[in-house]
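Student: I'd like to go over a predicted model; first the sequence, then the structure.
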Amino acid sequence: MSNRTTWVGLAGGAGVTVVGGISASYVKFINLQNTKARMDCGVSGKRLGAAIHVGGNASLAIMTGVSSRANVRGLTSSGVDFAVDLGAKWGDILKAGGRAAQGLKMLAKVSDLPTLRLWAGSEAGKALVNGITGDLSLKHNKPSFAMFSIPFAGAGVGAGIWYEWQKVVAFDGARAWNFFKPRWRLIKHMGKLWLQMVQIPSEDGTTVIVNFREDVWGHDTTLEVKEPFLKGWSTVISGTVKNNCLYEDKSNGNVGKNAPPGGGLNMSWRNLAGRWTRKGVVACEANEKFGVGLDAAVGGKSVWETDDYIKITTDKNGNFGNIINPGNKWKK
């Protein structure tokens, strides 16, 4: 096996979309030889098994024979024979002990990219990947691909949930947003209003600029939200991606303290300046009711906008007040 052309990926952090048996997953791959090298891909195809993750919330993917993004173009896995009885081998590997058994025990704990890097960089991890590629007959002289759910250690027969994936696409920066849409909501948590975004198809550390829109028939009006954490006042609202969720940037001090699970932007620390008109920004009145949507930009480029709205009401000062609908439901 060539570690240089072998990639191990984790799906689940940015979500899995399933419609009529056709699935699409956002997969974060790292190179087995250089675990700092990363490649983000979209994987779509017809599902062969039930969408059940046994003992975890992620799926493991393996690509072989891939030396660059160019090799991924047009990569399919049709015809790969996923032996269902491979699930029975997990128990045998554990009983035998050795590096593969150690790798399997660690694999059961893999749930994020840092843990995947640690596992894939270990000798036990490399030994297990080598064994899996052999069992699945993956080739190293041309691009091959396989993906399966991560079983818990000692799961035994039936632990593997197998798929046949038809197409793999390597993303380049903002292109991922065209395929995988975040989920978002406004939520009250510990007396504060938070904007949450999850399943963001961007790497950790990416800065996302968020803009609010007001639902107006025929066209949307831009809502100006003051960001007091920069020098002076600014209407630019930004957050940082971590584990596919949006968090307050560390430079904002303790603003993100006591955030709800999954992080978010603390809107209670920001002011709703009003709506933008031809005459400038006009303050919102007290107890107004209207719908708000979102735009997102990465690297100065617009990458995503919502096609749905959350209804809110302003408070007595025309600032963000209460959430009318959908409350704590996630929006796509």
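Tutor: Cool, got the structure. Numbers count the residues shown, from 1 in each chain.
Student: show me where the stretch 1-150 of the chain dips below the pLDDT cut-off.
Tutor: Within the stretch 1-150 of the chain, the ranges that satisfy pLDDT under 70 run 1, 12-24, 45-58, 74, 76-95, 100, 104, 108, 135-137, 148-150.
Student: what ranges do the helices span in it?
Tutor: Ranges of helices in the stretch 1-150 of the chain, per DSSP state H, counting those that start in this stretch, are 69-72, 86-96, 98-107, 113-120, 123-135.
Student: can you list the residues that contact the fourth one?
Tutor: With contacts defined as CB atoms under 8 Å, 6 or more residues apart in numbering, helix 113-120 is touched by 8, 10, 13, 28, 30, 32, 35-36, 103, 106-107, 109-110, 125-126, 129, 204, 243. To be clear about C-beta, it is placed using only N, CA and C from the backbone, and glycine gets the same treatment.
Student: repeat that for 10 Å
Tutor: 3, 6-10, 13, 28-33, 35-36, 38, 58, 60, 103, 106-110, 125-126, 128-129, 203-204, 243-244 (CB atoms under 10 Å, 6 or more residues apart in numbering).
Student: just the buried ones from the residues you listed?
Tutor: For the contacts of helix 113-120, a burial check counting by 16 or more other CB atoms under 10 Å picks out 6-10, 13, 28-32, 35, 38, 58, 60, 103, 106-108, 110, 125-126, 128-129, 204, 243-244.
Student: now the helices of the stretch 1-150 of the chain in CSV, with distance to Arg275?
Tutor: What follows is the helices of the stretch 1-150 of the chain, written out as CSV (distance: least, CB to CB, whole Å):
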stretch, distance to Arg275
helix 69-72, 43
helix 86-96, 57
helix 98-107, 51
helix 113-120, 40
helix 123-135, 53
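Student: which one of those lies nearest to Thr221?
Tutor: The closest of the helices of the stretch 1-150 of the chain to Thr221 is helix 113-120. By CB to CB, the value is 38.6 Å.
Student: which one of the helices of the stretch 1-150 of the chain lies nearest to Trp276?
Tutor: helix 113-120 (38.4 Å).
Student: in that closest one, which residues are buried?
Tutor: Buried residues in helix 113-120, counting neighbours by 16+ other CB under 10 Å, are found at 113, 116-117, 119-120.
Student: contacts only, for Asn178.
Tutor: 42, 171, 201, 303-304.
Student: I should have written Gly121 there, sorry.
Tutor: 30, 32-36.
Student: try Gly291
Tutor: 213-216, 220, 308-312, 324-325.
Student: same thing but at 6 Å, please
Tutor: Gly291 makes contact with 215, 309, 311, according to CB atoms under 6 Å, 6 or more residues apart in numbering.
Student: so where's the stretch 201-332 of the chain uncertain?
Tutor: 229-233, 332.
Student: on that earlier part again, out of the helices of the stretch 1-150 of the chain, nearest to Gln196?
Tutor: Comparing the helices of the stretch 1-150 of the chain by CB to CB, helix 113-120 comes nearest, at 20.2 Å.
Student: residue most distant from the centroid, the chain?
Tutor: No residue in the chain sits farther from the centre than Lys279, which is 39.8 Å out by CA atoms, centre = their mean.
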